[in-house]
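S.K.: below is the structure, and that's it, no one-letter string:
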């Protein structure tokens, strides 16, 4: 095992305090983290992918540091959009949500996003939501108005502390807004905790009406159940700061009587060619759309190429740059693996030991970047420097031990970023089979049977095997 250089304290930009703070966990050596997940009514879009990737990377780094991480990310599986889709397709809301949960998990696997410790579903936590709502009613923070339960926003004195919104300014903005069905509200700023069912909607029994929960209460309850009343970090996209996260704080702290989350992390928006992503503008891309053009590892690498709090611009040129950058790293890994396989089987030389010691400087640079509010852009720069360094020192004379230690460093850093250096060999297309097909293709080319040679290339390509003809012969790699 190579020497890790970790020693400093992780600094996190806390949306709650608007400054970087030292991360001090509630319980030493442990981290509790809740990340708002997608509403599952369609394939996830690349905007959904950004928080998945950046907070997965943060989690990976904290585990690399030695933390035991309890990472919870929900699926919102009851929502107006899900119900609308179900009606359009003549399906149940459950059928729609289950279908897109499975599709989302496929996309997450493609992006190498680790499964959460727990992926709770809102519909399986209704009892907990009813219980928390009743607690809020009992404490005077909520009221039943003809089957709809509202939260008394003004009663929670700290309302607006996350978004820095002034409650009087919010009221002024609501004065002229009349929303149908909300005449029973005590105050225009009160928000829904429970709403009665409409015709054709899924519903659950409650003391107030047969209906379903409001969106905000769902995350408060799932966080409480799987992480506790008070958690270390709550994260999500910056679009959730208000009203979703603001309302979560109000509900949770009113019900539980303790601070909800010590640190709040929010990623910035993703734009498409400098413009906000929108279906109406025709610049809306799902992760599945991207997977038809690129390996989703490229999408992940692109997402990490900027700091998570900086707006990120998606474009074909930037994706190509990410693809090329990723290839540089993967090719360096392949070169070191090759040296490890073919290297001299004796003890490292003095020069190699010196170079290995120098390699630790790149590990330090990587860790310094990650400790500074998860600066993946600078961490990737450190990996590129390390790759350049290894390319200059690994050669045919390198010992196995030296190459193995260099590779271990690269692999560990890439694991933090979620970059896969070497894809697992699949049952189809094992190496003997691939070499046999390449030999057949080489012979076909000698026989000038180019149709057969092309069909072999196409057959291998369909199985994810890419051939490259070089002066030294045909090389192959997995796509």
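M.R.: Perfect, I can see it now. Because the structure is a prediction, the values reported are computed rather than measured.
S.K.: now do the contacts for the most centrally placed residue in the chain.
M.R.: Nearest to the geometric centre of the chain sits residue 52, at 1.5 Å (C-alpha atoms, centre = their mean). If a contact means C-beta atoms under 8 Å, 6 or more residues apart in numbering, then residue 52 has 35, 44, 73, 108, 111, 113 as its contacts. C-beta here means a position set from N, CA and C on the backbone, and glycine is covered the same way.
S.K.: which neighbouring elements make contact with the longest helix seen in the chain?
M.R.: Secondary structure of the chain per DSSP state H: the longest helix is helix 316-342. Counting contacts by 3 or more C-beta pairs under 8 Å, 6 or more residues apart in numbering; DSSP states H and E, helix 316-342 packs against helix 296-303, helix 376-393, helix 400-417.
S.K.: for that helix, list every residue counted as buried.
M.R.: Residues of helix 316-342 classed as buried by neighbour count (16 or more other C-beta atoms under 10 Å): 319, 322-323, 325-326, 329-330, 332-333, 335-337, 339-340.
S.K.: just the closest of these to residue 269, please.
M.R.: Minimum distance to residue 269 across the buried residues of helix 316-342 is 17.5 Å, recorded for residue 319 (C-beta to C-beta).
S.K.: just give me the neighbour total for the residue nearest to the closest one when sequence neighbours are not counted.
M.R.: Using C-beta to C-beta, 6 or more residues apart in numbering and skipping the chain neighbours, the partner closest in space to residue 319 is residue 302 (5.7 Å). A count of neighbours around residue 302, defined by other C-beta atoms under 10 Å, yields 26.
S.K.: give me every residue that touches residue 302.
M.R.: 314, 318-319, 322.
S.K.: would you turn the buried residues of helix 316-342 into TSV with distance to residue 83 and pLDDT?
M.R.: Shown next, in TSV, are the buried residues of helix 316-342 (distance: C-beta to C-beta, whole Å; pLDDT from 0 to 100):
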residue	distance to residue 83	pLDDT
319	35	97
322	37	98
323	39	97
325	42	98
326	40	98
329	44	98
330	44	96
332	50	97
333	47	97
335	54	95
336	53	96
337	51	95
339	58	94
340	55	93
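S.K.: let me know the closest of the residues you listed to residue 259.
M.R.: residue 322 (38.7 Å).
S.K.: does that closest one touch residue 306 like I think?
M.R.: No - Residue 322 sits out of contact with residue 306 when judged by C-beta atoms under 8 Å, with a separation of 10.6 Å.
S.K.: anything in contact with each of the two?
M.R.: By C-beta under 8 Å, 6+ apart, no residue touches both residue 322 and residue 306.
S.K.: hmm, back to that, after the helix or strand hosting the residue nearest to the centre of the chain comes which helix or strand?
M.R.: Using DSSP states H and E, residue 52 sits within helix 46-64. Downstream of helix 46-64, the next assigned helix or strand under DSSP H and E is strand 68-73.
S.K.: residues near the closest residue in space to residue 133 that isn't next to it in sequence, how many?
M.R.: Leaving aside its chain neighbours, residue 133 sits nearest to residue 193 (4.9 Å; criterion: C-beta to C-beta, 6+ apart). Number of residues near residue 193 (other C-beta under 10 Å) recorded here: 27.
S.K.: name the SS class of residue 193, please.
M.R.: Under DSSP: H, G, I helix; E, B strand; the rest coil, residue 193 falls in the strand class.
S.K.: show me the contacts for it.
M.R.: 133, 136, 142, 149-151, 213-214, 216-217, 251.
S.K.: which ones among the residues you listed are found in strands?
M.R.: Among the contacts of residue 193, DSSP state E puts 142, 149-151, 213 in strands.
S.K.: let's have those in a markdown table, adding neighbour count, pLDDT and distance to residue 284.
M.R.: Below are these laid out as a markdown table (neighbours: other C-beta atoms under 10 Å; pLDDT from 0 to 100; distance: C-beta to C-beta, whole Å):
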| residue | neighbour count | pLDDT | distance to residue 284 |
| --- | --- | --- | --- |
| 142 | 26 | 98 | 37 |
| 149 | 27 | 98 | 35 |
| 150 | 24 | 98 | 34 |
| 151 | 27 | 98 | 33 |
| 213 | 25 | 97 | 29 |
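S.K.: figure out how far stretch 287-306 is from the centre of its chain.
M.R.: How far stretch 287-306 lies from its chain's middle: 12 Å, per C-alpha atoms, centre = their mean, to the nearest Å.
S.K.: got the buried residues for that stretch?
M.R.: So, applying 16+ other C-beta under 10 Å, buried residues of stretch 287-306: 287-288, 290-291, 294-306.
S.K.: state the pLDDT value of residue 143.
M.R.: With respect to pLDDT, residue 143 has a value of 98.
S.K.: check contacts around it.
M.R.: 137, 149-150, 152, 186.
S.K.: among these, which one lies nearest to residue 104?
M.R.: residue 149 (29.9 Å).
S.K.: I'd like the distance between the nearest residue to the closest one once chain neighbours are set aside and residue 217.
M.R.: Leaving aside its chain neighbours, residue 149 sits nearest to residue 194 (4.0 Å; criterion: C-beta to C-beta, 6+ apart). According to C-beta to C-beta, to the nearest Å, residue 194 stands 8 Å off from residue 217.
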